[in-house]
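>>> have a look at this fold, sequence not included:
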């Protein structure tokens, strides 16, 4: 399968714990995006990489969120000190230029 | 700030009907518009991408049109099938240096046999 992959698919954690998600983009796609989606809403932009450089970050992203893309390949999204309001689907997408291709998402539940 | 609206929010139709889903945007300075399908609990699947210079794109039973001047795009689904049941989202990417698209909330479609 050469599509975008995300791990884990589901994560249940207790409030206050740290969690880390991984995204493996389609090979040779230089752009990688992270989004958050809650029920009944469209994806909400979190951050964006071009190769290894993090070029844009949403103002909605608090300092508890951090993302990396070492060597311009896979990316990780870490949430520190999780809160119940962080419960959502976290989506990753990659793009060679114009079109975005999404992964299956990671469903986070914070108890 | 770009705003994207999708109407209707939900739609239920019998199998075989031809459908039109609407996507409107407030800022006509767009680079492209992309339509996606999302099944419950899943990621988004790209359906069609229309560049700002294009008027429409077709793939199988799907046809998407774009009218930049009026800030509208429509997704036409011919001869709908129960397997078309999903949420359909549109996203617009602005011109200029930003590669960040703005998404609508989607239209939830149910096609019943």
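Great, that's in hand. Just so it is clear, the model here is predicted, and its values are computed rather than measured.
>>> roughly how far does residue A:79 sit from residue B:57?
37 Å (Cβ to Cβ, to the nearest Å). Every residue, glycine included, has its C-beta placed from N, CA and C.
>>> helix, strand or coil for the residue of chain A found nearest chain B?
Across chain A, the shortest distance to chain B (Cβ to the nearest Cβ) belongs to residue A:42, at 3.2 Å. Here residue A:42 takes the coil state, with states given by DSSP: H, G, I helix; E, B strand; the rest coil.
>>> isn't it right up against residue B:106?
Yes: using Cβ atoms under 8 Å, residue A:42 makes contact with residue B:106 at a distance of 6.0 Å.
>>> shared neighbours, the two?
Counting by Cβ atoms under 8 Å, 6 or more residues apart in numbering or on different chains, the shared contacts of residue A:42 and residue B:106 are residue B:89.
>>> return the residues of chain A in contact with chain B.
Residues of chain A lying close to chain B by Cβ under 8 Å from any Cβ of the partner chain are A:4, A:6, A:31, A:33, A:40-45, A:48, A:50, A:55-56, A:89, A:91, A:93, A:95, A:98-105, A:107.
>>> the closest residue to chain A within chain B pairs with what?
Residue of chain B nearest chain A, by Cβ to the nearest Cβ: residue B:103 (3.2 Å). For residue B:103, the beta-bridge partners are residue B:91 (DSSP bridges).
>>> isn't it up against residue B:87?
No: between residue B:103 and residue B:87 there is no contact under Cβ under 8 Å: 11.2 Å.
>>> before we move on, back to that, neighbours of the residue of chain B closest to chain A, how many?
22 (other Cβ atoms under 10 Å in any protein chain shown).
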